[in-house]
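**Q** Give the three-dimensional model of this entry:
(2 chains)
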Amino acid sequence: RKEVEQDPGPFNVPEGATVAFNCTYSNSASQSFFWYRQDCRKEPKLLMSVYSSGNEDGRFTAQLNRASQYISLLIRDSKLSDSATYLCVVSPRGGKLIFGQGTELSVKP
Amino acid sequence: IAGITQAPTSQILAAGRRMTLRCTQDMRHNAMYWYRQDLGLGLRLIHYSNTAGTTGKGEVPDGYSVSRANTDDFPLTLASAVPSQTSVYFCASSEDKNNEQFFGPGTRLTVL
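**A** Got it, this is the predicted structure:
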């Protein structure tokens, strides 16, 4: 079983749609959680950290369920510019990041 | 401020040749990392350094070596390249080992 698992997609959605990505992790001792965004052939960039209480940044909402070892990312009112690959990232003790293979999102006009 | 730079941008290399990928950051970050990214496998950690003068092995260290002589530079060396090392290589840095990681633009390496 992979340490971090994501549905690879692709998710094809129209502009304005709401889309949700899910991610599960296997190491119950994991301490930090993130969503990164990666555009085609570019470097990953931090989208948002994920906190136990859940957090929101504009159209983006991240949730963490430690009991189920599950992380989610919700994007509301999708824009064309949201098209990218979204990487679920988990950090066990020690600071190393474990990346999921990513979920591809394509937002169409 | 450049952030993190990597060189070269891309390289085609004959198998058996030695190659050093360069990574430099100007943010005075303590921790630095090397990842490779392959289709269907995501990003995998090759080596890391929590502070200048120290290095550690990641998930896929075989065939690679690193050094961290100073804070800014973290070169990755392939002593004798093999075709399975064809990949996109990303360098990253963070203020310390528990903080957000910032990535360089990547090096696309092809080993023939």
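
**Q** and the residue nearest to the spatial centre of chain B, bridged to which residues?
**A** Closest residue to the average C-alpha location of chain B: residue B:34 at 3.1 Å, with CA atoms, centre = their mean. Residue B:34 has these beta-bridge partners by DSSP bridges: residue B:47, residue B:91.

**Q** roughly how far apart are it and chain A?
**A** For residue B:34, the distance to chain A equals 12 Å [CB to the nearest CB, to the nearest Å]. For glycine as for every other residue, the C-beta is placed from the backbone atoms N, C-alpha and C.

**Q** Do you know the pLDDT at that residue?
**A** Taken from the predicted model, the pLDDT recorded for residue B:34 is 97.

**Q** Could you do the one 4 residues further on as well?
**A** Looking at residue B:38, its pLDDT is 92.

**Q** does the lowest-mean-pLDDT helix or strand in chain A come close to chain B?
**A** In chain A, no helix or strand scores lower on mean pLDDT, DSSP states H and E than strand A:98-99, which sits at a mean of 90. Yes: Strand A:98-99 lies within reach of chain B by CB under 8 Å from any CB of the partner chain, at residue A:99.

**Q** Who are the packing partners of that strand?
**A** strand A:84-91, strand B:42-49 (3 or more CB pairs under 8 Å, 6 or more residues apart in numbering or on different chains; DSSP states H and E).

**Q** just to revisit the earlier point, what residues does the residue nearest to the centre of chain B make contact with?
**A** Counting by CB atoms under 8 Å, 6 or more residues apart in numbering or on different chains, residue B:34 makes contact with B:21, B:23, B:45-48, B:58, B:64, B:66, B:74, B:76, B:89-92.

**Q** Quick check on those residues: which are buried?
**A** The neighbour-count test (16 or more other CB atoms under 10 Å in any protein chain shown) marks B:21, B:23, B:45-48, B:58, B:64, B:66, B:74, B:76, B:89-92 as buried among the contacts of residue B:34.

**Q** now the helices and strands packed on strand A:98-99 as CSV including distance to residue A:6 and mean pLDDT?
**A** As requested, those are arranged in CSV below (distance: least, CB to CB, whole Å; pLDDT from 0 to 100):
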stretch, distance to residue A:6, mean pLDDT
strand A:84-91, 5, 94
strand B:42-49, 9, 93
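
**Q** Let me have those in TSV, extended by distance to residue A:29.
**A** As requested, these are arranged in TSV below (distance: least, CB to CB, whole Å):
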stretch	distance to residue A:29
strand A:84-91	10
strand B:42-49	17
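
**Q** so where's chain B uncertain?
**A** B:1 (pLDDT under 70).

**Q** can you list the residues of it near chain A?
**A** If contact is defined as CB under 8 Å from any CB, the residues of chain B in contact with chain A are B:31, B:33, B:35, B:40-45, B:48, B:50, B:58, B:90, B:94, B:96-106.
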